[in-house]
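Q: here is a sequence with its predicted model. Questions after.
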Amino acid sequence: MRVGLFTTCLVDGLFPDAGRATVALLERLGQPVESPLEQTCCGQMHTNSGYFEVELVRRYVDVFSCYDAVVVPSGSCAGSIRHQHPMVARAAGDEALAQRAEAVAAQTYELSQFVVDVLGTDQVRAYFPHSVTYHPTCHSMRLLGVGDGRCGSCETCAGSVWSSCRAGMSAAGLRHVLELVRVGGVHGPRRLEVVIAE
């Protein structure tokens, strides 16, 4: 399977270690990955601000249509590609591009979706000896349907202690979890679960 990595502009510019870690993870799982130099931004920030940049959609489609799958280490960017790209193309009156965007979007996966749903594993064979709080993002839950069902794959990192922020959590609930983490409430050989009623 030929897999392309859509690095995202934020990973490229601010968090390049996340891109490198994505490649390392996929290669450890036996999946070679390519990162085409021609890629740019998905256009999510533009679209969310009301500026429909059809050329960013066209660039994404042109660059990634040759891959069997595209992996994105960002739920919001993957959600934008899947849900906004066809809309932006149609708003520009380009139905052919909208159909191409839908085809490429159907092959675009947020990283955990790709690992669990495409590669068929929740065993990432990793070690991380620290406390971790997992927060399923709004875009991953609402646009991609990921939620914290993927958290199990993260929990297979040996040495980790996991806390999970559940769907429907309020900002106050999240602040509570972050405060517990800050003061060391997540430590030792136990797992802290914070569940906020919806």
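A: That came through fine. Treat the numbers as computed from the prediction; the structure is a model and nothing was measured. Numbering: from 1, shown residues only.

Q: where does the chain have its least confident helix or strand?
A: Lowest mean confidence among the helices and strands of the chain (mean pLDDT, DSSP states H and E): strand 192-194, at a mean of 40.

Q: do a quick rundown of the strands in this structure.
A: Assigned by DSSP state E, the strands in the chain fall at 3-5, 69-72, 108-110, 131-134, 161-165, 192-194.

Q: what's the domain layout of this protein?
A: 3-118, 131-194 (automatic domain parsing).

Q: looking at the ones you listed, which has the lowest confidence?
A: Ranked by mean pLDDT, the domains of the chain end with domain 131-194 at the bottom, a mean of 54.

Q: how many neighbours does Ser65 have?
A: Using other C-beta atoms under 10 Å, Ser65 has 14 other residues around it. From N, CA and C alone the C-beta is placed, and that goes for glycine too.

Q: what's the closest non-adjacent residue to it?
A: The shortest distance from Ser65 to any non-neighbouring residue, by C-beta to C-beta, 6 or more residues apart in numbering, is to Val104 (5.3 Å).

Q: same check, this time on Leu10
A: Leaving aside its sequence neighbours, Leu10 sits nearest to Ser74 (C-beta to C-beta, 6+ apart; 7.0 Å).
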